[in-house]
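J.: sequence first, predicted model second:
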Amino acid sequence: MFKEFIPCLVLLVCFAGAAHAQTLPDASSNNPPSSSRNEHPVLNSPEEELKYKAVVKREQSAHRELLERADEVVKLGEEIRSAFEHNKTLTREEWKKLDRMEKLTRKIRSGAGGSDDDELLKDSPHKLDIAVARLCELSGLIDKSIKKTSRLTVSATVIERSNELIELIKRIRTFVQP
C-alpha cells in the first residue's frame, strides 16, 4: 500500500506546484512573502520558487523516513513478541532488536518535534510477558499515529507514545538479561 501511495503523492505535489506556478501575484500588491508553513508564500523570483520547492522536498523526505522508521519499529516489536512467545525469554538477538527499536524510537520522537524529556512510565509492568505485549502494542500505536499526521504537523501523541516506548524498553532491560 505504501508503494502505491508514493507515486500518488509525487503526482499530487507536481500538480499542486504547476497550479501554484500558474497563479501569478498581482504586481500592484506589496504583500511580503508569507512565513507560515501552512500557507504558500508569494514567490517573486525563480530562485525563491526553487528554494521553496527544495524545502518542501526535504520535508517530504524527512516525513517518508519517519514513516519507514515507524514501520521498522512495528516489525521489530512483532518479532520480539513472537520470539518471546516461542522461547518464553528474550535471547541475545531480541536484546539487540530492543536496542535498535530504542534508537529508531528516539529518531521518531525527534522527527516529530519531541525532545529528550524523560517521563516515568505509567503503570510500569512487573512481568516480562506483560512488558513485551505492551511493547508490541505501543509500537503499533506509534505507527498508526504517524500515518495519521502530515509532514506539516507536530504530533503530541507520537511524542508521548515514543517517550512511553523508550521508558518501557528501559523497564524491560531491568529484567534479567542473558
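T.: Yep, it's here.

J.: alpha carbons only for contacts and neighbour counts from here, please
T.: Noted.

J.: the residue nearest in space to the middle of the chain and residue 79: what is the separation?
T.: The residue lying closest to the centre of the chain (Cα atoms, centre = their mean) is residue 66, at 3.5 Å. Residue 66 sits 20 Å away from residue 79, going by Cα to Cα, to the nearest Å.

J.: the helix or strand harbouring residue 145 packs against which elements?
T.: Using DSSP states H and E, residue 145 maps to helix 128-148. The contact analysis (3 or more Cα pairs under 8 Å, 6 or more residues apart in numbering; DSSP states H and E) places helix 128-148 against helix 46-87, helix 156-174.

J.: any idea which of the ones you listed is most buried?
T.: Most buried of those, by mean neighbour count (mean count of other Cα atoms under 10 Å): helix 156-174, with a mean of 19.

J.: which secondary structure elements does that one contact?
T.: helix 92-111, helix 128-148.

J.: mind checking the pLDDT average for the last one?
T.: Pointing back at helix 128-148 there. For helix 128-148, the mean per-residue pLDDT is 90.

J.: next: stretch 69-83.
T.: pLDDT averaged over stretch 69-83 gives 94.

J.: shaky segments in the protein?
T.: 1-43, 117-121, 152, 154, 176-178 (pLDDT under 70).

J.: distance of residue 144 relative to residue 125?
T.: 23 Å.

J.: could you dump the helices and strands packed on helix 156-174 to TSV with mean neighbour count and distance to residue 45?
T.: Listed next are the helices and strands packed on helix 156-174 as TSV, based on neighbours: other Cα atoms under 10 Å; distance: least, Cα to Cα, whole Å:
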stretch	mean neighbour count	distance to residue 45
helix 92-111	18	31
helix 128-148	19	34
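
J.: same list, the ones you listed, but as a markdown table with distance to residue 172 please.
T.: Output for the helices and strands packed on helix 156-174, formatted as a markdown table (distance: least, Cα to Cα, whole Å):
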| stretch | distance to residue 172 |
| --- | --- |
| helix 92-111 | 9 |
| helix 128-148 | 7 |
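
J.: nearest to residue 155, of those helices?
T.: Proximity to residue 155 (Cα to Cα) singles out helix 128-148 among the helices and strands packed on helix 156-174, at 7.9 Å.

J.: ok and the closest one relative to helix 156-174, angle-wise?
T.: 160 degrees (axes from the mean of the first three to the mean of the last three Cα atoms, to 10 degrees).

J.: now the angle from helix 128-148 to helix 46-87?
T.: Using the same axes, to 10 degrees, helix 128-148 lies at 160 degrees relative to helix 46-87.

J.: ok, the residue lying closest to the residue nearest to the centre of the chain once chain neighbours are set aside - contacts?
T.: Take residue 66 and drop its neighbours on the chain: the residue closest to it by Cα to Cα, 6 or more residues apart in numbering is residue 108, 5.9 Å away. Contacts for residue 108 (Cα atoms under 8 Å, 6 or more residues apart in numbering) come out as 66, 69, 70, 162.
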